[in-house]
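**Student:** Whatever this is, show me its structure:
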Amino acid sequence: VEEEDSKTEEDKPEKPEEEEKTEDEEVEVEEASEEADKKKKTVDKTVWDWERLNDAKPIWTLKPNDVPEEDYVDFYKALTKDSQEPLAKVHFVAEGEVSFKALLFIPQVQPSDSFNKYGTKADNIKLYVRRVFITDQINDMMPNYLSFIRGIVDSDDLPLNVSRENLQQHKLIKVIKKKLVRKVLDMIKKINKEQYEAFWKEYSTNIKLGVIEDAQNRARLSKLLMFKSSKKELTDLMDYVGRMKANQKAIFYIAGASEDEVKKSPFVERLTKKGYEVLYLTEAVDEYAISAIPLFEGKKFQNVAKEGFTLDDSEKAKNKLEELKTTFEPLINWLNK
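**Tutor:** Below is the predicted model:
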């Protein structure tokens, strides 16, 4: 029996070593995990990304028909810091030797010191190249008499990497200026009658200076002139010519210090009694502007107070012609036989 018991004990299988080590390994894993957790740190990191906040294109790059009027007003106020709406605007695309887009405005009121700064550098026109702002310090973008114009010019044809001084001398700037002036004068011409009187009250001296200074556009500018007359509170030259008497060969005017002074002139009284209309030139620049225009619609200008002026020059010429016809009538009849 003892032998069997001994054999039985010997026959019992021993525990594998792996099972004996399990508990120790678990302890080691837990300790390693705790140490790994201690080594992990939370780090704040800034990651940059781009987000487009405004998908709107610049207003001057849009088609004029796609821009509501209120958007033009809002843009003008933001551009000029003016609380009033613009008097007029022009939005156009020019093509040819140079291509550019432009959006130009006429303010309702120009600064009170405009003529004190006349001819000095202005920053009223902002130049962009491919939607990138370049400068607002180009003197030659607008002539002096149109320095009140505010707006944007954007061209793809001008160089980006060039100094302002070199850009100012660039030949394409002169081409742009020429087109801008034409467009501005067309814009002024299209202002309706009621608004034009407001424009004239504010900018009459500018237009008169333009007639004197800008020979290239003198004919266009002369059609924008307005004066008081013996028949009208204000009249342009085209309307005056339309009311001229059939035998009147010149546009009559008189210059003086005030309207009351010229009205009382005996020269004016004699003409008005015969139905002639006389323009009243009562500002210092008026006569200079008129003298710069040799002819308007084929009519010369005549100062009725000038020495040597005769009231009925045209009638005398007509009478002289009749006398000549009578004198040579026999000869004419003989030649016609």
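
**Student:** Gly275 and Lys245 touch, don't they?
**Tutor:** Yes: counting by CB atoms under 8 Å, Lys245 is a contact partner of Gly275 at 6.3 Å. Backbone N, C-alpha and C define where each C-beta goes, glycine included.

**Student:** Are we agreed that Ile134 is in a strand?
**Tutor:** Yes: with DSSP: H, G, I helix; E, B strand; the rest coil as the criterion, Ile134 is located in a strand.

**Student:** residues contacting it?
**Tutor:** Leu127, Tyr128, Leu158, Leu160, Arg164, Leu167 (CB atoms under 8 Å, 6 or more residues apart in numbering).

**Student:** Read off the pLDDT value for it.
**Tutor:** pLDDT recorded at Ile134 is 88.

**Student:** Look up how far Arg164 lies from it.
**Tutor:** 8 Å (CB to CB, to the nearest Å).

**Student:** Determine the number of other residues adjacent to Glu259.
**Tutor:** 11 (other CB atoms under 10 Å).

**Student:** so how far is Leu225 from it?
**Tutor:** 17 Å.

**Student:** Secondary structure element holding the most centrally placed residue in the chain?
**Tutor:** What sits nearest the mean C-alpha location of the chain, by CA atoms, centre = their mean, is Leu104, with 2.3 Å. Per DSSP states H and E: Leu104 is located in strand 100-106.

**Student:** Which other helices and strands does that strand contact?
**Tutor:** helix 69-80, strand 88-94, strand 150-155, helix 171-189 (3 or more CB pairs under 8 Å, 6 or more residues apart in numbering; DSSP states H and E).

**Student:** most packed of those?
**Tutor:** Sort these by mean neighbour count, taking mean count of other CB atoms under 10 Å, and strand 150-155 sits at the top with a mean of 23.

**Student:** what's next to it, contact-wise?
**Tutor:** Against strand 150-155 from outside (CB under 8 Å, 6+ apart): 58, 60-61, 76, 79-80, 86, 98-107, 124-131, 141, 172, 176, 180.

**Student:** For the contacts of Ile134, which two are the farthest from each other?
**Tutor:** Using CB to CB, the contacts of Ile134 span at most 13.5 Å, a distance reached by Tyr128 and Arg164.

**Student:** For Arg174, which non-adjacent residue is spatially closest?
**Tutor:** Rather than Arg, residue 174 is Lys. Asp140 (6.9 Å; CB to CB, 6 or more residues apart in numbering).

**Student:** who's in contact with that neighbour?
**Tutor:** Asp140 touches Gln168, Ile173, Lys174, Lys177, counting by CB under 8 Å, 6+ apart.

**Student:** ok, 10 Å please
**Tutor:** Neighbouring residues of Asp140 by CB atoms under 10 Å, 6 or more residues apart in numbering: Gln168, Gln169, His170, Ile173, Lys174, Ile176, Lys177.
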